[in-house]
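Chemist: predicted coordinates and the sequence they were generated for:
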Amino acid sequence: MSIHLSIRHKIGKLDLDADFHIKEPGITALFGPSGSGKTSLINIIAGLERPDTGRIEISEHVVFDHARQINLPTRHRRVGYVFQDARLFPHKTVSENLYFGARRNADKLNREEQTAILEMLGISPLMGRRPAALSGGEKQRVALGRALLANPDILLLDEPLSALDHARKQEILPYFEWLRDHRRIPILYVTHAIDEVARLADHLVVIDQGKTLASGSVFDMLGRSDLPPLAGQFDAGTVLPARIVSRDPKAEVSFLECAGQRIVVPYLGRPASHQVRLHIRARDVMIARTAPSGISANNIIPVTITDISDLDGDTVDISLCFGHDADASLFAATSGRPTLHARITRWSAGRLNLERHQKVFAVIKSVTVDGQLSDHSL
């Protein structure tokens with residue numbers, strides 16, 4: 001299943017001009033500041049707004065084509081939509097809300113699949129309640145269940161966590177991870193929170209002032225420093241796949257393996273062999289010419305500088321390939337190894353005489369690494 005979109009649409013003073021192609025299932029984050037056109041874009045995909053020109057194809061089915069005068073109504077687009085505020089019918093029970101869309105879909109899920117969704121979301125005990133008796137997190141779980149039970153070809157999530165406090169966000173995030181890892185449908189996830197992008201997304205589309213600035217794998221995109229329109233919001237960093245190897249006897253830290261290097265993070269609550277995703281912000285990576293000793297930082301990783309990017313102002317971004325061997329400096333073309341990104345002051349880079357192909361050490365405090373499980377059995 002895939003989505004191919006190329007549209008133009010004027011909304012007040014905003015000229016929306018979006019063009020991207022998502023070929024694989026998984027979560028694609030639509031990221032950008034407020035007012036950049038993200039919500040309008042998924043409303044157009046859902047058929048709630050009609051663009052001025054362009055074409056939209058979902059799972060090889062054309063749902064909009066201005067030139068051919070095709071504009072399928074929302075009910076025929078096989079789209080599941082979860083809004084910021086859940087938008088449950090207040091006069092209906094949870095059960096009635098859940099099956100509202102499913103009853104109108106000719107291609108229904110079988111009973112076993114329906115039961116699996118309800119059990120995954122943990123909402124079976126809520127079936128007789130009305131929305132007024134639900135917490136914010138419960139409402140979003142019901143809204144997500146309603147969208148999934150309709151058996152959509154694509155799932156649209158419009159900042160589904162923005163109205164929740166931190167505790168409720170942590171309650172909901174694992175369900176989105178489960179969808180990413182276990183459901184074979186494309187998911188468009190609107191957000192302006194880079195931490196949510198790093199934790200959930202497989203792909204990233206960056207939008208600002210109605211324009212698609214860039215798109216690609218989240219593992220590549222989060223390290224980019226060439227997106228100046230989002231300066232101050234786009235926090236450059238690195239997303240890395242890793243595997244839990246062990247934990248200390250007191251369960252205070254977990255030891256991970258990433259590209260042949262050991263990474264120490266706060267305890268993740270899972271035993272060895274589980275896959276995880278690490279988010280390391282560029283501003284949290286220090287660089288040392290020699291391996292330091294007698295410091296509290298647990299992660300001292302041999303790396304080779306592959307690129308130095310000047311930024312406006314007093315900082316530079318340093319791209320670092322894992323390893324000190326002869327092939328490390330050829331990372332971009334040959335080695336396929338992960339890259340770390342460090343953001344340091346221009347003065348520090350000059351003081352250390354940093355240059356491309358130089359062998360140095362990346363120093364990372366364990367508490368600055370966000371480690372999230374990549375496989376879930378809810």
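Modeler: Looks like it came in fine.
Chemist: contacts only, for the residue nearest to residue 160 when sequence neighbours are not counted.
Modeler: Among residues not flanking residue 160 along the chain, residue 82 sits closest, at 5.1 Å (C-beta to C-beta, 6 or more residues apart in numbering). Every residue, glycine included, has its C-beta placed from N, CA and C. When contacts are counted by C-beta atoms under 8 Å, 6 or more residues apart in numbering, residue 82 touches 140, 143, 144, 147, 155, 156, 157, 158, 160.
Chemist: what about the residues you listed, which are in strands?
Modeler: The members of the contacts of residue 82 that map onto strands under DSSP state E are 155, 156, 157, 158.
Chemist: distance check, residue 93 against residue 131.
Modeler: Separation of residue 93 from residue 131 (C-beta to C-beta, to the nearest Å): 9 Å.
Chemist: more crowded one of these two?
Modeler: More crowded of residue 93 and residue 131, by other C-beta atoms under 10 Å: residue 131, with 20 against 16.
Chemist: OK, contacts around that one?
Modeler: Here residue 131 is in contact with 86, 88, 89, 90, 94, 97, 139, 142 (C-beta under 8 Å, 6+ apart).
Chemist: the closest residue to the fifth one other than its chain neighbours - how many residues pack around it?
Modeler: Distances taken as C-beta to C-beta, 6+ apart put residue 126 closest to residue 94, at 4.7 Å, once the chain neighbours are dropped. Applying other C-beta under 10 Å, we find 23 residues neighbouring residue 126.
Chemist: pretty sure residue 126 contacts residue 142?
Modeler: Yes. The criterion here is C-beta atoms under 8 Å, and residue 126 meets it with residue 142 at 6.8 Å.
Chemist: which neighbours do these two share?
Modeler: Residues within reach of residue 126 and of residue 142 at once, by C-beta under 8 Å, 6+ apart, are 94, 134.
Chemist: what sits against the nearest residue to residue 146 once chain neighbours are set aside?
Modeler: Spatially, and ignoring its direct neighbours in sequence, residue 146 is nearest to residue 98 (5.2 Å; C-beta to C-beta, 6+ apart). Counting by C-beta under 8 Å, 6+ apart, residue 98 makes contact with 118, 123, 127, 142, 145, 146, 149.
Chemist: now do 6 Å
Modeler: For residue 98, the contact set (C-beta atoms under 6 Å, 6 or more residues apart in numbering) comprises 145, 146, 149.
Chemist: and what of residue 49?
Modeler: So residue 49 contacts residue 43 (C-beta under 6 Å, 6+ apart).
Chemist: surely it is in a helix?
Modeler: No. The assignment for residue 49 (DSSP: H, G, I helix; E, B strand; the rest coil) gives coil, which keeps it out of a helix.
Chemist: pLDDT score for it?
Modeler: For residue 49, the pLDDT comes out at 94.
Chemist: how close does it get to residue 269?
Modeler: 43 Å.
Chemist: quick one on the thing from earlier: my read: the residue nearest to residue 94 touches residue 95, true?
Modeler: No. In this structure residue 126 lies outside contact range of residue 95 using C-beta atoms under 6 Å: 8.6 Å.
Chemist: and which of the ones in strands among the contacts of residue 82 is nearest residue 2?
Modeler: Comparing those against residue 2 with C-beta to C-beta picks out residue 155 as the nearest, at 13.5 Å.
Chemist: now the helices for the stretch 201-350 of the chain?
Modeler: Using DSSP state H, counting those that start in this stretch, the helices of the stretch 201-350 of the chain run over 218-221, 346-351.
Chemist: what helices or strands is the helix or strand hosting residue 173 leaning on?
Modeler: Taking DSSP states H and E as the definition, residue 173 sits inside helix 166-182. If contacts are counted by 3 or more C-beta pairs under 6 Å, 6 or more residues apart in numbering; DSSP states H and E, helix 166-182 sits against helix 136-149.
Chemist: one more time with 10 Å
Modeler: Under the contact criterion of 3 or more C-beta pairs under 10 Å, 6 or more residues apart in numbering; DSSP states H and E, helix 166-182 touches strand 26-31, helix 111-121, helix 136-149, strand 154-158, strand 186-191, helix 194-200, strand 370-373.
Chemist: buried deepest among those, which one?
Modeler: strand 26-31 (a mean of 26; mean count of other C-beta atoms under 10 Å).
Chemist: pull the distance from it to the chain's centre.
Modeler: Relative to the centre of its chain, strand 26-31 is centred 6 Å away, using C-alpha atoms, centre = their mean, to the nearest Å.
Chemist: what pairs with that strand, and is each one parallel or antiparallel?
Modeler: Here strand 26-31 has these sheet partners by DSSP bridges: strand 186-191 (parallel), strand 203-208 (parallel).
Chemist: mean confidence (pLDDT) on the first one, please.
Modeler: To tie it back to what came earlier, the one meant is strand 186-191. Per-residue pLDDT over strand 186-191 has a mean of 90.
Chemist: kindly report the same for stretch 283-297.
Modeler: On average, stretch 283-297 scores 95.
Chemist: list the buried residues for it?
Modeler: Neighbour-count burial for stretch 283-297 flags 284, 285, 286, 287, 297 (criterion: 16 or more other C-beta atoms under 10 Å).
Chemist: quick one, phi/psi of the nearest residue to the first one once chain neighbours are set aside?
Modeler: Spelled out, that is residue 284. Of all residues beyond its chain neighbours, the one nearest residue 284 is residue 368 (3.9 Å), with distances taken as C-beta to C-beta, 6+ apart. Main-chain torsions, residue 368, degrees, to the nearest 10: phi -90, psi -10.
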